[in-house]
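In: I need the structure of the sequence given here:
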Amino acid sequence: MKKTCFTISLIFIIFVCCTNRLRNEELVKTIVTEKQEDNPKILPGIYQTQEYLPLLSDKKVAIVSNQTGIINNVHLADTLLSSGVDVVKVFCPEHGFRGTADAGAKVDNTIDEKTGLPIISLYGKNKKPLPEQMQDFDILVFDLQDVGVRFYTYISTLHYVMEACAEANIPVIVLDRPNPNAHYVDGWILDTANYRSFIGMHPVPVVYGMTIGEYGQMINGENWLGNGVKCDLTIIPCKNYTHNSKYSLPVKPSPNLPNDRAIELYPSLCFFEATNLSVGRGTNKQFQIIGHPLLENVEQANFEFTPMPNEGASNPVLNGKKCFGFDLSDSNSIFEIKENQLNLDLTLKTYELFPEKSEFFKKSNSLELLSGSGEFRKQVESGVSEKEIRESWQDDLENFKRIRDKYLIYE
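Out: Got it, this is the predicted structure:
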């Protein structure tokens, strides 16, 4: 009898403990859910399928996209096709549809092996879709991951696509994506009279603090399209996003921007593309390191690397040459990296330390095209301080911010 009572008591205790554990688990789930609701996940425009799929019904559809156009790790093209959308062709930007081509490399027209869709390159001579390429579709969907920097060419591709579609009376839908550099606005306003090119088409600063959808609205609203045309433009916005949101890109936007740190440093380090120094193309620290063989005997240049061909850099600057310089991939550097502005000190201090000043810059106008100004090279060479350089663009920057405000979708 005692044994039976003991057994019943033990079963009861186990039952109570299990019940309490289940209640605790449910409480934990509730708390986790509440925390998720307090900090909801940022969703790019592509996730708002209920907003744009009805607009594509019974239409022949073209898309502009690359490897970044994904929803739950499925490409936009595959998502639309599986939803019954009649996708007829793909346009792709610099780096190609799968995003593996070198910066500036020619990208050929081809066929996508997975879907059989024709792929038309919008890089090289054919930056703007030709009239004959616009005749077999009714609407265009644009989905590219921008990084918010004027010389990153996806906004130039957006301009030409909007212009071609406006001329052909074809609507454009932009599936918006967060801009990882949207938390600040900085740099020279592009001098369009002297330095307009595919790496800078509009009178905007180096870092413009807008998503690509907001930027498309500005292109339209400021009448930047040719011949005064207007694009029939629809933006599918991101959810749970502000310009100050921290957003880590799930797919690298181009071969030489492999991680968050590279994307953060890219606006400041890209000026080195106008020099004879390496910024890590041909290594696994692209846009996170600076170096050159001539810095070997400079005490502060305590990092070594040798660029070699890799994906996105078939013949990198200083290919096969041992370089000495600076590793910016962490905080142990002679440079203080500021998150909310261009870090001009990177260029100024490196020039100061470089032993052969005449070998620092390339013999071209690439620095003028990148900065958008004819002044930066002169300022570096004459030792103008970062503070003075920043003061020189402030009035123009404030004027741009007033224009920008008209087109913002997010706080």
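
In: Now do the contacts for the residue most central in space within the chain.
Out: Of all residues in the chain, the one closest to the mean position by C-alpha atoms, centre = their mean is residue 147, 2.3 Å from it. Neighbouring residues of residue 147 by C-beta atoms under 8 Å, 6 or more residues apart in numbering: 179-181, 253, 257, 263, 266. C-beta: built from backbone N, CA, C; applies to glycine.

In: how near is residue 254 to residue 153?
Out: The gap separating residue 254 from residue 153 is 9 Å, by C-beta to C-beta, to the nearest Å.

In: who has more neighbours, those two?
Out: Shown here are residue 254 and residue 153; by other C-beta atoms under 10 Å, residue 254 has more neighbours (28 against 25).

In: Please verify my assumption that that one contacts residue 313.
Out: No - Residue 254 lies out of contact with residue 313 (C-beta atoms under 8 Å); the separation is 11.1 Å.

In: residues in contact with residue 376?
Out: Each residue near residue 376 by C-beta under 8 Å, 6+ apart is listed here: 188, 271, 367-368, 389.

In: In a markdown table, list those along with neighbour count.
Out: Shown next, in a markdown table, are those (neighbours: other C-beta atoms under 10 Å):
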| residue | neighbour count |
| --- | --- |
| 188 | 24 |
| 271 | 25 |
| 367 | 20 |
| 368 | 19 |
| 389 | 21 |
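
In: quick one: which of those residues sit in helices?
Out: Residues of the contacts of residue 376 located in helices (DSSP state H): 367-368, 389.

In: Would you reformat these as a markdown table and include pLDDT and distance to residue 374?
Out: Listed next are the ones in helices among the contacts of residue 376 as a markdown table, based on pLDDT from 0 to 100; distance: C-beta to C-beta, whole Å:
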| residue | pLDDT | distance to residue 374 |
| --- | --- | --- |
| 367 | 98 | 9 |
| 368 | 98 | 5 |
| 389 | 98 | 13 |
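
In: Now distance to residue 170 too, for those, in JSON lines please.
Out: As requested, those are exported to JSON lines (distance: C-beta to C-beta, whole Å):
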{"residue": "367", "distance to residue 170": "38"}
{"residue": "368", "distance to residue 170": "35"}
{"residue": "389", "distance to residue 170": "43"}
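
In: who touches the nearest residue to residue 146 once chain neighbours are set aside in this structure?
Out: In space, and not counting its chain neighbours, residue 146 is closest to residue 212: 4.2 Å by C-beta to C-beta, 6 or more residues apart in numbering. Going by C-beta under 8 Å, 6+ apart, residue 212 touches 144, 146, 154-155, 158, 174, 176-177, 179.

In: now residue 323
Out: Residues near residue 323 by C-beta under 8 Å, 6+ apart: 277-278, 291-293, 295, 304-307.

In: Now the buried members of those residues.
Out: For the contacts of residue 323, burial is judged from neighbour counts taken by 16 or more other C-beta atoms under 10 Å, and it is met by 277-278, 291-292, 295, 305-307.

In: tell me which of the residues you listed is nearest to residue 114?
Out: Using C-beta to C-beta, residue 307 is the member of those that lies nearest residue 114, at 32.5 Å.

In: Distance check, the closest one against residue 298.
Out: If you measure residue 307 against residue 298 using C-beta to C-beta, the figure is 19 Å.

In: all strands of the stretch 201-350 of the chain, in order?
Out: For the stretch 201-350 of the chain, the strands defined by DSSP state E, counting those that start in this stretch occupy 233-236, 289-292, 303-305, 323-327.

In: circling back to that earlier point, what helix or strand is the residue nearest to the centre of the chain located in?
Out: Under DSSP states H and E, no helix or strand contains residue 147.

In: Local confidence estimate at it?
Out: pLDDT recorded at residue 147 is 98.

In: How about residue 115?
Out: The per-residue pLDDT reported for residue 115 equals 86.

In: cool, residue 246 as well?
Out: pLDDT, residue 246: 94.

In: How about the one 5 residues further on?
Out: Among the per-residue scores, residue 251 shows a pLDDT of 93.

In: Residue 145 is in contact with that one, correct?
Out: Yes - using C-beta under 8 Å, residue 251 is in contact with residue 145, at 7.1 Å.

In: what do the two both touch?
Out: Both residue 251 and residue 145 are in contact with residue 68, where contact means C-beta under 8 Å, 6+ apart.

In: Thank you kindly, that will do.
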